[in-house]
Every structure is written in structure tokens, then in C-alpha cells.
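1. Okay, here's the prediction I keep looking at, along with the sequence it came from:
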Amino acid sequence: MELTNVNKLFVGFVSLIIGIVLITSIATGTIAVTEKSIVYDEAFDLVTLGCSNESAFNNTNALCNLTVAHAPVAGTWQKTDCPISSVVITNTSAGTYAAWTSGTDYILFDSSGLIQMVNTTATSIYANDTYVTYDYCGNTYLNQSWARTILNMVAGFFALAVMGIGIGLFYSVYKDAGIGA
């Protein structure tokens, strides 16, 4: 059975629509396994934890060792291949955020997700309403960079394939109609 020009145009248009719909889900699924997850403003109240009060900061207290909620689990690939990263610790005072300095105000143990607070002017003044923002690798994250690279190219090649089918069909109609040379 031979396709008429109208049928070819219809098939080309439907292929294009299906491609557009599928590329969205492919790209969304790809992002879920190739990009780290971000936690914004995980809250810790150092006063409530017993780490600090208005007049003193006790960094020898084990309660001053904060462990983030998505810390790498011991014995997993996350602990060695993908520790937490892009850690920013801030707190609020009079409605403004003040960022703390790694190595000065806190010590980060990224492979365990542990943050040890240090007794400094910044930490003792702003001892409550402390927020931690960080990146972590979820359980579905691909920890091999080559696998992430290949998977990130899938959506592009899929788009090229759908575009090639559409161009082929439209060229066939163009040729059959005798418009081109």
C-alpha cells in the first residue's frame, strides 16, 4: 500500500507530536539520575539541641555535631564516590542571613554528612535558626561520569531521530509533488 502525500504529511505531523511528548519524559527521567539533589535550608536550632545558649557555646558537646538528613550511608558508594557537596551554612539574625565560613565557624566531614560547629564569634552570637543547604546523591544517581554523559546524550539523539523521520517524510511529499528539481 502506497502512502499518499496527505497521509505522509499526517504521519510526519503525528511523529513530530509524539516525539515532542516523549522527549519531555526522557529528559525528565534523565535529569533524575544524572543530577544531584539539592536540599535548601535544612533547619537546626543549636539552642534547642543543647549546643549553645545566650552566653556560651559548647562545641565539645556531641550535640554540636550536626548530621544532615541525607548524609551518605556507611558502606555504600555514596560515602566514597559522592559525599555531600556545595555546603552553605547560614543563620538568621534580625531577618538577614549570615553565612558561616568552612574551617573557621564549622568543620565539614562531607563523606559522613557531619558538621562540627566551632566556637567562634559568629556561631556563639547566632546560635539558633541555623540552616544548611547542600547537594547529595540520591539512590538512583549514576555515580559513573561516563554513564551520565551517555545518558544525557540520549534525549538529543532521540530528537534528531524524530526530526530525521519528519524531514524524510516532508521531503518525500516535496519530491512527489514535483515542487523540487
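-> Arrived safely, thanks for sending. Numbering: from 1, shown residues only.

2. Low-confidence ranges, this structure, go.
-> 1-3, 52-61, 63, 93-96, 122-128, 180-181 (pLDDT under 70).

3. where do the helices sit along it?
-> If DSSP state H is used as the criterion, the helices of the chain fall at 5-34, 46-49, 77-81, 121-125, 145-176.

4. Dump these to CSV, plus mean neighbour count and distance to Phe109.
-> The C-beta positions use only the backbone N, C-alpha and C, and glycine is treated the same way. Shown next, in CSV, are the helices of the chain (neighbours: other C-beta atoms under 10 Å; distance: least, C-beta to C-beta, whole Å):
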stretch, mean neighbour count, distance to Phe109
helix 5-34, 14, 26
helix 46-49, 17, 18
helix 77-81, 15, 11
helix 121-125, 17, 17
helix 145-176, 14, 24
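
5. Domains in this protein, by residue range?
-> 1-35+141-181, 36-140 (automatic domain parsing).

6. what's in contact with stretch 141-153?
-> The contact list for stretch 141-153 (C-beta atoms under 8 Å, 6 or more residues apart in numbering) reads 30, 33-37, 77-78, 81-82, 137.

7. Report the separation between the nearest residue to Ser111 once chain neighbours are set aside and Asn91.
-> Using C-beta to C-beta, 6 or more residues apart in numbering and skipping the chain neighbours, the partner closest in space to Ser111 is Pro83 (4.2 Å). Per C-beta to C-beta, to the nearest Å, Pro83 is found 23 Å from Asn91.

8. Equivalent analysis for Thr133, please.
-> 12 Å.

9. Kindly report the same for Val14.
-> Where Asn91 is concerned, Val14 sits at a distance of 56 Å (C-beta to C-beta).

10. Comparing Thr133 and Asn91, which residue is more hemmed in?
-> Asn91 (24 against 16; other C-beta atoms under 10 Å).

11. ok, the closest residue to Ser172 other than its chain neighbours - contacts?
-> Leaving aside its sequence neighbours, Ser172 sits nearest to Lys8 (C-beta to C-beta, 6+ apart; 5.7 Å). With contacts defined as C-beta under 8 Å, 6+ apart, Lys8 is in contact with 169-170, 172-173, 176.

12. List the single closest residue to Ala71 in space, sequence neighbours excluded.
-> Ala71's closest residue in space is Gly113 (C-beta to C-beta, 6+ apart), at 2.4 Å.

13. go on, Thr140?
-> With C-beta to C-beta, 6+ apart, the residue lying closest to Thr140 is Val33, at 5.0 Å.

14. Take the contacts of stretch 141-153 and lay them out in a markdown table including distance to Ala69.
-> Shown next, in a markdown table, are those (distance: C-beta to C-beta, whole Å):
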| residue | distance to Ala69 |
| --- | --- |
| Thr30 | 25 |
| Val33 | 21 |
| Thr34 | 22 |
| Glu35 | 19 |
| Lys36 | 15 |
| Ser37 | 11 |
| Trp77 | 19 |
| Gln78 | 14 |
| Asp81 | 20 |
| Cys82 | 16 |
| Cys137 | 14 |
